[in-house]
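Novice: I would like the atomic coordinates for the input below:
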Amino acid sequence: MSDQIQNKSPRHPKRRLRWGRLIGFLVALVIVLGAMLAAGTWVYHRYFAPKVPVVAANDEIGNDELLNKRINVLIMGIDDGDSEDFDKPAKRTDAMMVASFDPENNKVALVSLPRDTRVEIPGESGHDKVNAAYAYGGVKLAEKTVANLLKIPIHYYIVANWQGFIDIVDILGGVDLYVEHNMNYEDPYANLEIHIKQGYQHLDGKEAGKYVRFRHDELGDIGRVQRQQKFLKALAGEFFNIGNVVKFPVLLNTISKYVDTDMDALTMIRAANSFKLFGGERMRSEMLYGNFRTIGGISYWATSPNMIQLTLDKLEIPHGVIPGADKDILQKIGPGKTWEDLATPDPNEGAGEAPAAVAKPPSKKQEKAVVKKAPAKTSGATTKNKTKN
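Specialist: Here you go, the predicted model:
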């Protein structure tokens, strides 16, 4: 019996899993991988990345180190079925905005340009609408026109087809947001029918496309610009939802089919990282300030040097000198005044009618997008009826 006891191997005490050490190791691993990614990105951009020429109003802006620390991307949407030239080969842009990313400080700002914004297009006589620049000279002329207007460098461009927009929304499972009023419009010639009810809605790709394209209310294109900004914030929340990470390969395939851009992959990652951290509801956005004016029988969205200065300064987008603008305009607006105090005709722009209306941003309640896990996909828009408990 004693021999059996002596032959038994001694028991080794069980080792406890030290969670503190494991967590510390994982944190250190993430830091190392992040540092390696940052170093790789720097080396790539410093030595290997193809140089994309900066488009600027002048050499001073194009070479300014402070202005070029940001990534300014001109985003254009084309091929809108309800536009006046939907059946023409040379299309005007139906949506135009500048997304300004600050990778160092993780800031994102978005300034939308109404398509009727009155501008000077290089190489063309007189004034025209900003959406004509793309039809006249493609991406390069559109970039130069916007760079001249805002006095900021344009580093990259994105041209998106509406079908790609619809497919991306569907891949993400749709978007939830508040529709500010009933939308009803039909155009048999453009094969377009829009019927969306007011209230909280779950929109699939097709209905989302109708929502951001609708402009048949009292604010016309200005109301559409405001809706586009609100929708982009809701879409950003869905895009960076952790549940949609597995869909990225399909999304990238769709983007490659319908989106034209000169951004390289690493630049996209840098911009997307800023958007992920500070996008969605925290993304700062403004529509280029201005007012409706009719000049020479043509309706425009007329801006001015002070309005451009104020728009960019409120978004904290650095820019070059804007001739004729008061560089202290943001401080002078102050309490008790709004940008509407500037919405008066500019005597230097020729005779025009008084503003037909001044675009006011949606209320905070309307502006708030309900972004959550999308319900099972349904066709069209479905009204979410709220019941009292």
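Novice: thinking Glu120 is in contact with Lys129, fair?
Specialist: No - Glu120 lies out of contact with Lys129 (C-beta atoms under 8 Å); the separation is 11.3 Å. Where C-beta positions appear, they are placed from N, C-alpha and C, glycine not excepted.
Novice: give me the more crowded residue out of the two.
Specialist: Lys129 (20 against 14; other C-beta atoms under 10 Å).
Novice: in the sheet, who's paired with the more buried one?
Specialist: Arg118 (DSSP bridges).
Novice: quickly find the element holding Gly164.
Specialist: Using DSSP states H and E, Gly164 sits within helix 162-171.
Novice: report the mean confidence score over that helix.
Specialist: Helix 162-171 carries an average pLDDT of 87.
Novice: repeat that for stretch 241-257.
Specialist: 78.
Novice: now do the helices in this structure.
Specialist: Secondary structure of the chain by DSSP state H: the helices cover 2-7, 19-43, 59-63, 132-150, 162-171, 205-213, 220-239, 248-258, 265-278, 305-314, 329-333, 364-367.
Novice: rank the ones you listed by pLDDT, which is bottom?
Specialist: Comparing mean pLDDT across the helices of the chain, the weakest is helix 364-367, with a mean of 45.
Novice: per-domain residue ranges of the chain.
Specialist: 23-52, 59-383 (automatic domain parsing).
Novice: how close does Phe294 sit to Asp116?
Specialist: Small correction: residue 294 is Thr, not Phe. Per C-beta to C-beta, to the nearest Å, Thr294 is found 11 Å from Asp116.
Novice: the two: who's more crowded?
Specialist: Shown here are Thr294 and Asp116; by other C-beta under 10 Å, Asp116 has more neighbours (19 against 15).
Novice: who's in contact with Asp326?
Specialist: Listed by C-beta atoms under 8 Å, 6 or more residues apart in numbering, the contact partners of Asp326 are Asn306, Gln309, Lys332.
Novice: mind running it again at 10 Å?
Specialist: Neighbouring residues of Asp326 by C-beta atoms under 10 Å, 6 or more residues apart in numbering: Pro305, Asn306, Gln309, Leu310, Lys332, Leu342.
Novice: Glu193 too?
Specialist: Per C-beta under 10 Å, 6+ apart, neighbours of Glu193: Asn184, Tyr185, Glu186, Asp187, Lys210.
Novice: and those residues, which are buried?
Specialist: Tyr185, Lys210 (16 or more other C-beta atoms under 10 Å).
Novice: for the contacts of Glu193, which one is nearest Pro103?
Specialist: The closest of the contacts of Glu193 to Pro103 turns out to be Lys210 (C-beta to C-beta; 34.4 Å).
Novice: Pro153 touches Lys144, doesn't it?
Specialist: No - using C-beta atoms under 10 Å, Pro153 is not in contact with Lys144, being 11.3 Å away.
Novice: overlap in contacts, the two.
Specialist: Residues touching both Pro153 and Lys144 by C-beta under 10 Å, 6+ apart: Val55, Ala56, Ala57.
Novice: ok, Pro153 and Lys144, which is more surrounded?
Specialist: Counted by other C-beta under 10 Å, Pro153 and Lys144 do not tie: Pro153 has more neighbours, with 23 against 19.
Novice: let me see the contact set for the residue nearest to Ala57 when sequence neighbours are not counted.
Specialist: For Ala57, ignoring the flanking residues on the chain, the nearest one in space by C-beta to C-beta, 6 or more residues apart in numbering is Asn148 at 4.7 Å. Taking C-beta under 10 Å, 6+ apart, we find Asn148 in contact with Val55, Ala56, Ala57, Asn58, Ile61, Val119, Glu120, Ile121, Pro122.
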